[in-house]
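Student: Fold the following and give me the result.
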Amino acid sequence: MKKNYFFSIIIPTFNREFKLERAIQSVLNQTYQNWEMIIVDNYSKDNTKKMVENFKSNKIKFYQINNNGVIAKSRNLGVKKSSGKYLAFLDSDDYWNKNKLTVCRNEIIKFKNLKLIYHNMYLKKKDNQIFFQKTNYFRKVKKKVRNDLINNGPAYPTSGVIVDKKLFIKINMFREMKKFIAWEDFDAWIRLSKYSNDFHCIQNTLGYLSTDIENTNNTKIQIKNLKCFKNEYIKGDKKIPNWCIYALMRCYQKNRQFKESLRYLKKLNISGYSLIQKFKLLIFYFLNIFKITI
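Tutor: Predicted coordinates for the structure are as follows:
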């Protein structure tokens with residue numbers, strides 16, 4: 001008899017045996033247990049497969065795929081193999097608090113038929129860390145979700161997202177073209193918002209997001225992604241949103257392309273900026289003038 005799971009947890013991975021083990025254990029430790037875990041491995045060269053098999057749990061499904069560097073293919077395979085009502089995404093180097101699924105399920109039951117639920121994550125930079133900051137881009141999106149995401153940028157980490165499976169399949173899941181690599185999740189949330197504004201913010205911080213060098217996008221990738229976003233969602237004479245201009249300015253500054261950084265800095269609309277924000281931009285102006293990176 002087929003089990004009716006409430007959550008299907010999708011975990012893509014590649015050569016992260018020990019971090020994946022931590023992620024799996026954080027799911028096994030959940031106070032809510034009506035879930036299945038679907039691990040999609042990009043043919044890791046470490047002992048990932050054996051480590052997963054050692055858990056000996058019939059709730060853990062293991063698949064392998066050659067995704068050619070496109071993580072969307074791994075996630076989409078996990079979605080296709082899933083049987084739960086809701087999809088919960090967890091990157092293999094991240095992990096959850098033990099009450100994450102309980103809190104999320106309670107919100108789904110309380111508010112009925114939620115299409116997307118999201119929460120914040122703590123930033124984990126090293127193994128022996130004691131004090132944690134939260135992601136600084138997390139926010140409650142406005143009622144017109146599509147406009148908010150396009151005009152204000154990403155609002156939550158992927159490992160903090162749970163989405164209605166039927167709706168996610170309706171938008172054809174994550175797009176697998178290479179131009180969406182490293183922002184296929186943000187693109188998916190924008191496309192999903194065409195069909196529903198029912199994005200529910202949970203104020204609890206329910207997990208840990210790894211921010212080590214291994215998984216941090218470099219500036220060239222970020223610049224590519226920002227320009228792809230602009231080409232996809234900012235059509236014609238529509239102005240580039242401030243968050244995108246600011247991000248490009250910072251990327252070029254870090255990349256020591258000071259003229260380009262200055263060009264984008266001058267495009268910023270600072271009419272609604274606070275004195276502190278304007279002071280920070282002044283600092284960036286002089287950093288570019290004197291060719292200094294931070």
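Student: Span of stretch 25-34 from start to end?
Tutor: With C-alpha to C-alpha, to the nearest Å as the measure, stretch 25-34 spans 15 Å from end to end.
Student: buried set for that stretch?
Tutor: Applying a neighbour-count criterion of 16 or more other C-beta atoms under 10 Å, one finds 26-27, 30, 32 buried in stretch 25-34. For the C-beta atoms, the positions are set from N, CA and C on the backbone; glycine is no exception.
Student: and which of those is nearest to residue 133?
Tutor: Distance to residue 133 across the buried residues of stretch 25-34 (C-beta to C-beta) is lowest for residue 26, with 19.5 Å.
Student: Name the nearest residue to that closest one, ignoring sequence neighbours.
Tutor: residue 95 (3.8 Å; C-beta to C-beta, 6 or more residues apart in numbering).
Student: what sits against that neighbour?
Tutor: 22-23, 25-26, 207-208 (C-beta atoms under 8 Å, 6 or more residues apart in numbering).
Student: related to what we said a few turns ago, in helices only, show me the buried residues of stretch 25-34.
Tutor: Counting by DSSP state H, the buried residues of stretch 25-34 place 26-27 in helices.
Student: Dump the buried residues of stretch 25-34 to CSV, plus pLDDT and distance to residue 130.
Tutor: Converted to CSV, the buried residues of stretch 25-34 look like this (pLDDT from 0 to 100; distance: C-beta to C-beta, whole Å):
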residue, pLDDT, distance to residue 130
26, 98, 19
27, 98, 24
30, 98, 24
32, 98, 28
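Student: nearest to residue 286, of the buried residues of stretch 25-34?
Tutor: Nearest member of the buried residues of stretch 25-34 to residue 286, counting by C-beta to C-beta, is residue 26, at 44.3 Å.
Student: isn't that closest one right up against residue 99?
Tutor: No - judged on C-beta atoms under 8 Å, residue 26 makes no contact with residue 99 at a distance of 11.0 Å.
Student: any idea where the helices of the stretch 1-150 of the chain begin and end?
Tutor: With helices called from DSSP state H, counting those that start in this stretch, the stretch 1-150 of the chain shows them at 17-28, 48-53, 71-81, 100-111, 145-152.
Student: quick one, which of these is nearest to residue 222?
Tutor: Shortest separation from residue 222 across those is recorded for helix 71-81, at 16.1 Å, computed as C-beta to C-beta.
Student: what's in contact with the closest one?
Tutor: In contact with helix 71-81 (C-beta under 8 Å, 6+ apart) are residues 8, 10-13, 38-42, 61, 63, 65, 67, 87, 89, 165, 168-169, 173-176, 180-181, 184.
Student: Need the buried ones from the residues you listed selected in PyMOL.
Tutor: Buried subset of those, written as a PyMOL selection, criterion 16+ other C-beta under 10 Å:
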select buried, resi 8+10+11+12+13+38+39+40+41+42+61+65+67+87+89+165+168+173+174+175+176+180+181+184
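Student: Which of the contacts of helix 71-81 fall within strands?
Tutor: 8, 10-13, 38-41, 61, 63, 87, 89 (DSSP state E).
Student: where does the stretch 151-294 of the chain dip in pLDDT?
Tutor: 212-217 (pLDDT under 70).
Student: Please repeat the previous calculation with a cut-off of 80.
Tutor: Within the stretch 151-294 of the chain, the stretches with pLDDT under 80 are 212-217, 236-237.
Student: Mind jotting down where the helices sit in it?
Tutor: All helices of the stretch 151-294 of the chain, identified by DSSP H, counting those that start in this stretch, fall at 165-170, 184-192, 219-233, 242-254, 258-265, 275-289.
Student: Quick one: closest of those to residue 158.
Tutor: Nearest to residue 158, of these and by C-beta to C-beta, is helix 184-192 at 4.5 Å.
Student: Output the contacting helices and strands for that closest one.
Tutor: Packing contacts for helix 184-192, counted by 3 or more C-beta pairs under 8 Å, 6 or more residues apart in numbering; DSSP states H and E, involve helix 71-81, helix 145-152, strand 161-164, helix 165-170, helix 219-233.
Student: How about residues contacting the last one?
Tutor: Counting by C-beta under 8 Å, 6+ apart, the neighbours of helix 219-233 from elsewhere in the structure are 150, 179-183, 186-187, 190, 217, 240, 244, 247-248, 251-252, 254-255.
Student: Of those residues, keep whichever come out buried.
Tutor: Judged by 16+ other C-beta under 10 Å, buried ones among those: 150, 180-181, 183, 186-187, 190, 240, 244, 247-248, 251-252, 255.
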